[in-house]
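**Q** Fold the following for me, if possible:
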Amino acid sequence: MKKSLITLLLLPLSFSVYADAIDSLITANCDSKIPVNVIRKLILHESKSVFNNKVQPWPWVLNVNGNPHYFNTQQKAIKAALVFVGNKSNVVDIGFGQVNWKYHKHRFDGDVRKTLDPRVNLSVVCEILSEALVDKRVLNWVDMVAYYHRTVLDKRAYRYAEKVFSG
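**A** Here you go, the predicted structure:
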């Protein structure tokens, strides 16, 4: 029986149960052409937190102008995101995939609340990764992750991919 991430986050959990929930969310919301472990590494890099001394991705994190803000509930994260976006903060990255609001708000129909729905955020992460699959410059998973960060595939994009895969 699969439990939703929301249900699991409200319970005291072992790390393996949380990890299984993340993998189930990835499988349910992402293109099967992209390996689960690639998506897991990317979201772990983007929204890293610690639970029971284990590093894990966290769905309710905002990074505003380079400063991370972690929230223990979706509602608190949404409230803060609405403030930051309303204040027109320069850089607001949101959720599991730290999806940049300025460049990707159209993927959420302009609704900041959707960015903090773990399923929707993962779907957008995977949508961006899937777009890389049709780019002739993308030949492997490293290229795909570099593309996720910067579609120009420059040195900065590849440094990012290196960090994702080395983590």
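**Q** And the strands in this structure?
**A** Assigned by DSSP state E, the strands in the chain fall at 48-51, 54-57, 61-64, 67-70, 92-94, 99-100.
**Q** just these: most buried one?
**A** strand 92-94 (a mean of 26; mean count of other Cβ atoms under 10 Å). Bear in mind the C-beta positions are built from the backbone N, C-alpha and C, glycine included.
**Q** mind listing what that one pairs with, with the direction of each?
**A** Neighbouring strands of strand 92-94 in its sheet, by DSSP bridges, are strand 61-64 (antiparallel), strand 99-100 (antiparallel).
**Q** I'd like the distance from it to the chain centre, please.
**A** Chain-centre distance of strand 92-94: 10 Å, with Cα atoms, centre = their mean, to the nearest Å.
**Q** Turn the strands of the chain into a markdown table, including mean pLDDT and distance to Thr151.
**A** A markdown table is the format used below for the strands of the chain (pLDDT from 0 to 100; distance: least, Cβ to Cβ, whole Å):
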| stretch | mean pLDDT | distance to Thr151 |
| --- | --- | --- |
| strand 48-51 | 84 | 23 |
| strand 54-57 | 86 | 23 |
| strand 61-64 | 96 | 20 |
| strand 67-70 | 95 | 24 |
| strand 92-94 | 97 | 16 |
| strand 99-100 | 96 | 12 |
